[in-house]
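1. give me coordinates for this.
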Amino acid sequence: MYNVNIRNTWGSGVQATALAARGVQQGYYGCAFYGYQDTLLADASGPQYYSNCYIEGAVDYIYGGASAWFGECVLASVGGGAITANSRTLTTDTSYYVIDSSTITSNTSTSLVGKVYLGRPWRVNARVVFQRSVLPDLINAAGWTTLAANATPIFQEWGNTGAGADTSARVYETPLSAQITHAQVLGSNYATWIDESF
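-> Sure, this is the predicted structure:
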């Protein structure tokens, strides 16, 4: 899907999804998704690819269990809360959210300094990576926060920059020694179904 804007204008207080993406090998290019809580449901048994997209929200605004790559996207918070809520349940599940070469920002006149978290585990084995991205001072020093009881998430960061990229006070974080690749998230055949020219 190319250059499509989707909005859920309900606002705060309840789940209000703009797009429920449940297909396998789906690609979204130059699209914009606007909401507040649970803006984008990236949820499938196979991979999804988001390139140069704009995703806006406040609470768990990227959520679900897909194996999804978000490349060169803008993630814009309009309120305090977690950006991601991954629902990987079992350690054998392929679910993986990788935010790569993207920019985290605020799109509200209210200060969000220290009020935004990179993610929280919707299910106990959530797996999320932020790599090579710009993390501003709106990111809380802890980086990650809680949701599912007794969760053992894999939350990782690699090569990020910006005032919110310091990992010295992070919680629930697993070390990452090298960046994650497209093939790890999208499968070895990813070049046959994503548009790398966009």
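
2. what sits against Asn160?
-> Phe130, Gln131, Arg132, Ser133, Val134, Leu135 (CB atoms under 8 Å, 6 or more residues apart in numbering). Heads up, the C-betas are built off the backbone N, CA and C, glycines and all.

3. mind listing the residues bridging to the spatially most central residue of the chain?
-> Centroid-nearest residue in the chain: Thr84, 4.6 Å away (criterion: CA atoms, centre = their mean). In this structure, Thr84 has the following beta-bridge partners (DSSP bridges): Ile62, Gly119.

4. now do the contacts for it.
-> Asp60, Ile62, Tyr63, Tyr97, Ile99, Leu118, Gly119, Arg120, Val128.

5. gap between the two ends of stretch 53-69?
-> With CA to CA, to the nearest Å as the measure, the ends of stretch 53-69 fall 11 Å from one another.

6. how about that stretch: buried residues?
-> 53-69 (16 or more other CB atoms under 10 Å).

7. ok, stretch 190-198 next?
-> Tyr190, Ile194.

8. show the average pLDDT along that stretch.
-> Mean pLDDT, stretch 190-198: 95.

9. cool, and stretch 3-17?
-> Stretch 3-17 comes out at a mean pLDDT of 95.

10. identify each buried residue in it, please.
-> Ile6, Asn8, Ala16, Thr17.

11. quick one: contacts of it?
-> 18-19, 29-41, 58-59, 79.

12. which residue ranges form the helices in this structure?
-> Remark: helices assigned in the chain by DSSP state H are 182-186.
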